[in-house]
Every structure is written in structure tokens, then in C-alpha cells.
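[1] please work out how this folds:
(2 chains)
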Amino acid sequence: MRVLIVEDEAKMAGLLRRGLRQEGIAADLAGQGEDALWMAGSTEYDAIVLDLMLPGIDGLEVCRRLRDDGVWSPILMLTARDGVPDRVAGLDAGADDYLVKPFSYAELLARLRALARRRNGERAPELRVGDLRMDPAKHQVWRGEQPIELSAKEFAVLEVFMRRPGEVLSRFQLLEHAWDYEYENRSNIVDSYVRLLRRKIDKPFGVDSIQTVRGAGYRLREDGSP
Amino acid sequence: MSRIPIRLRVTLAFTIVMALLLAALGLFVYSRFKTQLSEQIDQSLRSHGDDIASLVARKDLSKSTRLLGREESFAQVLTPSGEVYATTPQLAGHPQLTPAEAARAAQASFIVTRPHVRSITGQARLLARPAPGRGRTFVVVVSSTLDDRNESLQNLRTILLIGGPVALLLASLAGYFVSGSALRPVEAMRRRAAAISAAEPEARLPLPPADDELRRLGETLNAMLGRLEAALERERTFVDDASHELRTPLALHKTELELALRYAKTPEEMRAAIASAVVEVDRLIALAEDLLVLARSAEGKLALHLRRVRIAELLGDLRERFAARLDRSGRSLVVEPTDGLTVDGDPVRLEQALTNLVDNAIQHGGGEITVRAGEAGGEVQIHVEDRGPGFPPGFIDHAFERFSRGDPARVGDGAGLGLAIVEAIARAHRGSAHASNRDGSGADVWIELPGAPR
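    Okay, here's the model as predicted:
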């Protein structure tokens, strides 16, 4: 999962990014509305955390322009204003959700997960592909009833797969959803994480769920039997 | 009396005055009427008497002459000793005066009222007068009934006794309704006033259409409601803005702590998070202090510990206090020396105001910062000038308002309270705060305080 944080207060932005990364969520920062517009336009974010009060173009305007540009990433608006008219204005400008400062960090994470879920038309909080299960909130993965220990980044890559089961995902798509701009665009980092994942979710169970599609990328199959 | 409702009181007063007036009028009319009627009767008695007297004087009256009475009246001629000389037939042999009265009447005429006179029903009026004739003086007595007069008076009394109270009742009712309708706007205003609360401060009292005292009262009260509404609105805005300003650092603080709880594993990480949180708390404390100063000064309760303060002493350590920040931002501060200026003020508050001014110049201004003090017309002015871009156009008018910023989205971490506090402090010292853009470039912000008497 990859998130864009649009927040002009550097300390707040830094904290949010640090926290999201700890959850294995890739996060990029934009300090101004203009930056947010081109970043969201060039990368398909799974969610955008947008502060309402920004220098230059404000949050409402950013929201409106993103929707005008056809960017449909879910937007979670953050603001210190909690009046009903403020909330209405935010939602009407195209935001999907609204969180008033000071918010609970746990709630922010939960809302981001909910937004990602809604976007993919899912309803269940748990992801399921064959007998592979993932709980994004608790950060846990099981094969059958057997829990699997994954690092934050491994988890993030697997989540990208599990949100699009059966689809062929290019290395670039995987990169885009699991890493943020701070990582160099080296596609072999994707390959090495896929290798790490196979070693943890496939080999011990004698299955082969992550399939290499030559010249295209990888695919997570429901029926993982070799 | 004061416990009775106004409407009843007005009606009661009106009724009492009306009753007195009607009674006085009735008595006046009655007595005038009575006097007039009596005079008419006396007049006709006199002319009747004159007629008889002229008969006596013409000497063609004899003992046997039968005097003619007029309607319901009689005439009699007596000798001064009281014997009947001539009379209307009904009274033959009945002298109407006692010998003493006859003797008196021979001297001078008089008129009396008799309760009963022979041949006349009811009260009678009687005139006796001397009448010279045939070498001796006679006494002429004429009399007339008072029945007609009494009947007329009786009628008048009846009319007055019935008509008066009826008129009084009608007038009182009219008074009751008129005062009721005059007071109706008061009741309407009362009812609305009872319903007005802080929840709908825009509500006003209904005004009567007439341009009268009640309308003026209503307008005055409405003007007062308007002032209260404006004050309430200012208060609300302040609370809104204050809570908004508190939320940003609180959000930061909370996130910082939550992240530390969730992810910090080593003591170093924990320590770093706590140190950062302390910085946030300091910021919150400063903000709370600022808000308190503003709230108190708005209520006129900013406590000042006044003493004689030398301006030189205030400006003395300014450079030192800002040295670190000036170094960091590569700016310089020049404090021009001052000579013997003093004010009566609270040195801590004045220092706070100066700090805010310099702070503002560092944060939003540019170039060298100059602090200089001077005196003009008994007022001490302390200027803080910079050589930056100056205030944005249109901002100067709002520079001292609470939560006002040059850029609507925050720049730096100021809450837009600094200059508002400067003004609050200046005002608490019975001074003022001003801002302008310098001719060349840069901003000039200064406070003006009443100078201490030398």
C-alpha cells in the first residue's frame, strides 16, 4: 500500500511518514498543493492524506483538481476545523473521509485501511487468496491455520498481490504500490522480495502460489498446488 | 398601589379623576340651574308685587277689591298691623304674615320660602313689601309655588345621578381599552425578550409602528442586543480560533506519543520521542499563555505590576536574548541608544511586547532590524523596523487582530497572536500599537506609551 501525505507542517508530515512506514505502508510527502497535484497525477496512490490548510492551493482546491484530473485515489482529509460546514465542504470537494485534528493515529491507520478496502470493492477486513489469509489491521498472515512471520516490507508486497489476486502484476506496479520515492527504481529489489516471500509462504507448505509470468511480472494464484 | 398592574392603575386613576370632574360638573350645573330658577321666580314675584303696589298707589283699591291671583300664586294686601285689606278670594280671612312680619314688611321688603302656604301645593316663595297709598302704608304680599322649580330640579338631579355614573362607566371602559392597546407592544416585547437567548443572538424585539416612547425604548433595547450579539460573536470567533490553534500542536503531540508507544523499542528512541514531545508541550504552554493574556485583556483584567521603567533598561539585553536566533537566521539587530526615557509600566509585560515585535520582524521581515525609542508630545514610542518586504497590502488594518496572519495559510509556526498581544499590552498601559510600511521597504511596528512624569 502506498500513500501520499500532503501536509505543510514538516514535523507532522515527518511523523506520519515514519508511522506509516513502520506499518509497511510506503509514504511520500508533499508540502504544497502544487506538489501534491503532480505527484498524485504521476503515481497511482492507494490513498492520499490531505491536510486542509496548505499554503498556495488549499486542500479543498487540491481535492477538486485531483478529481477533475481523473485521479481517483481515495482522499482522507485532515483538518483542525470541525464545524459541520467544514466537513460538508471537504466531502463535497471530493474527499472520501474526514479526520479532525487532534486525531488518534490508530484511527488514521484504520481509516486508511478502510479506504483501501472500499476502493477494491472488498468488504471483509481480512484478505483471502486460496488458503492464504491476511489481516492488514493486525499485520498477520496465515497459510491455513499456520501463522507466518513477515517483515513489514514483505508484508507490503504480499498485500499488493493479495489485493489483486490472479492479476499479472509488473515489477513496476509492485514497486509503485509497495515502495515510495525514496527507493531507487531498481526492479531487482522486487525480485528479491518475491524470492523472500516464496521462501516463507510457499516453500514450507509445498505450494507455488506466486507464479513468474515471463516478460510480464508475477501473479498470485488461488490454487497454489504445483 | 404599585402592585396593581399598570393597565388597572391607569384606568383607576382615570376613573377617579373622571368621577371628580363629573361630580363637580353635576354640582355646578345643578346649583346654577337652581339659582337661575329661583331668580326667575323672585323676579316674577317682584313684578307681581309691583303690579299690586301700583294698584295700591293708584288708590283704586278698596277693602272689597278682589285681587286676582296669577297661576298657582296669590296676592294679599295687609295693613302694617297685619289685617287683611284686600286679597285673592282663596285667602280671604287668612293673613299670610304675622303682625310682626307685617310690621317688618312695612319698613322694607323681604322674600322668604315657606314650607306650606294655604291654597298652594308644596313649598312656596313669598314676597312682602311696603306699598304707600291713600295716606298710609300698606304691606303687599305675593306668593308663588316652588313646585315647578322643585320638580325641574328633581328631574335634573335624576338625569345627573343616572347619566353621570353611566358616562363614568363608559369613560372608564374606554380608558381600560385604550391603555390596554397602548401597552400591547410592551407585552409583545416582553414575550420576545423572554424567548431571546444566546442560542439566537440575532433575534430582536418587535417595534410598535407608532413613533412613540415605546418604540424608542424598543430601539434602544435592540441596539443593546446588537452590541451583545457582536460581543458574543467576537467571543465565539475567539474560542473557535483558539481551539483551532490548539488542535494543531495537540495533534502533533498526540501523534508523537502514539508513535512512540507503538514503535519505539530502544530507550534512545523513547528518549528522542519524549524530548520532541516536551518541545511540543512548551509550544502549547506558550500558546495557552498567549490566549490567557488576550482573554484577560479583553476583559480588562490583565494584571500589571507597575513601576517606573527606564526604556534603556528594557532595550538593554534585547540583543543578547535574540543573539542565537539572529545568528541562525543570519540577521542583525541594531538597538539605538536612548537617553533617560521612562514610563510607568510592568517591565515583564513590556519586555513580552518587545520580544513579540522583534520576533515578528525576524520571522516575517527581512534585513537588519532596528529598535529605537523616542518621545513625542509626552508619549514614548518604541519602534521596531526591518528591511524586508513589509506588510502585504491590506493586511496592515488587520495586523493587530487576533489570529491574523499575512498569509492565510500559516507560515512558520506563529498562531497570529504576537501582534495582538503587543496591542493588548500597550492598551493595558493606556497606550496604543501601530504598524506601517516604511517608505523605502520594510515594516515599522511601534508602541506608544504615556511617558512617566519627570
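
[2] write out the residues of chain A neighbouring chain B.
    A:8-9, A:11-12, A:15-16, A:18-19, A:22, A:53-56, A:58, A:80-81, A:83, A:100-106 (Cβ under 8 Å from any Cβ of the partner chain). The C-beta positions use only the backbone N, C-alpha and C, and glycine is treated the same way.

[3] hey, where'd the strands end up in the stretch 251-400 of chain B?
    Counting by DSSP state E, counting those that start in this stretch, the segments of the stretch 251-400 of chain B that form strands are B:307-310, B:333-335, B:342-345, B:369-376, B:379-385.

[4] among these, which comes closest to chain A?
    Closest of the strands of the stretch 251-400 of chain B to chain A is strand B:369-376, at 24.3 Å (criterion: Cβ to the nearest Cβ).

[5] show me where pLDDT drops low in chain A?
    For chain A, applying pLDDT under 70 flags the ranges A:122-123, A:184-187, A:224-226.

[6] residue numbers of the stretch 201-350 of chain B in contact with chain A?
    Going by Cβ under 8 Å from any Cβ, the residues of the stretch 201-350 of chain B near chain A are B:240, B:244-245, B:247-248, B:250-256, B:258-259, B:262-263, B:276.

[7] ok, 7 Å please
    Counting by Cβ under 7 Å from any Cβ of the partner chain, the stretch 201-350 of chain B comes close to chain A at B:His244, B:Arg247, B:Thr248, B:Leu250, B:Ala251, B:Leu252, B:Lys254, B:Thr255, B:Glu256, B:Glu258, B:Leu259, B:Tyr263.

[8] wait, isn't the first one in contact with A:Gly83?
    No: the criterion here is Cβ atoms under 7 Å, and B:His244 misses it with A:Gly83 at 9.9 Å.

[9] phi, psi for B:Ala303 please.
    Main-chain torsions, B:Ala303, degrees, to the nearest 10: phi -70, psi 130.

[10] burial count for it?
    8 (other Cβ atoms under 10 Å in any protein chain shown).

[11] burial of the residue nearest to it when sequence neighbours are not counted, as a residue count?
    Closest residue to B:Ala303 apart from its sequence neighbours, by Cβ to Cβ, 6 or more residues apart in numbering or on different chains: B:Arg296 at 7.5 Å. By other Cβ under 10 Å, 14 other residues sit near B:Arg296.

[12] do I have it right that B:Arg296 meets B:Leu302?
    Yes: under the criterion of Cβ under 7 Å, B:Arg296 makes contact with B:Leu302 at 4.6 Å.

[13] if we can go back for a sec, helices - which of the residues of the stretch 201-350 of chain B next to chain A land there?
    In this view, these that belong to helices under DSSP state H are B:His244, B:Arg247, B:Thr248, B:Leu250, B:Ala251, B:Leu252, B:Lys254, B:Thr255, B:Glu256, B:Glu258, B:Leu259, B:Tyr263.

[14] in contact with the first one, which residues?
    Taking Cβ atoms under 7 Å, 6 or more residues apart in numbering or on different chains as the contact definition, B:His244 lies against A:Ala80, A:Arg81.

[15] if we can go back for a sec, read off the pLDDT value for the residue nearest to B:Ala303.
    We have a pLDDT of 83 for B:Arg296.

[16] how about B:Asn222?
    92.

[17] what does the one 3 residues further on give?
    pLDDT for B:Leu225: 91.

[18] ok, it - contacts?
    B:Arg204.
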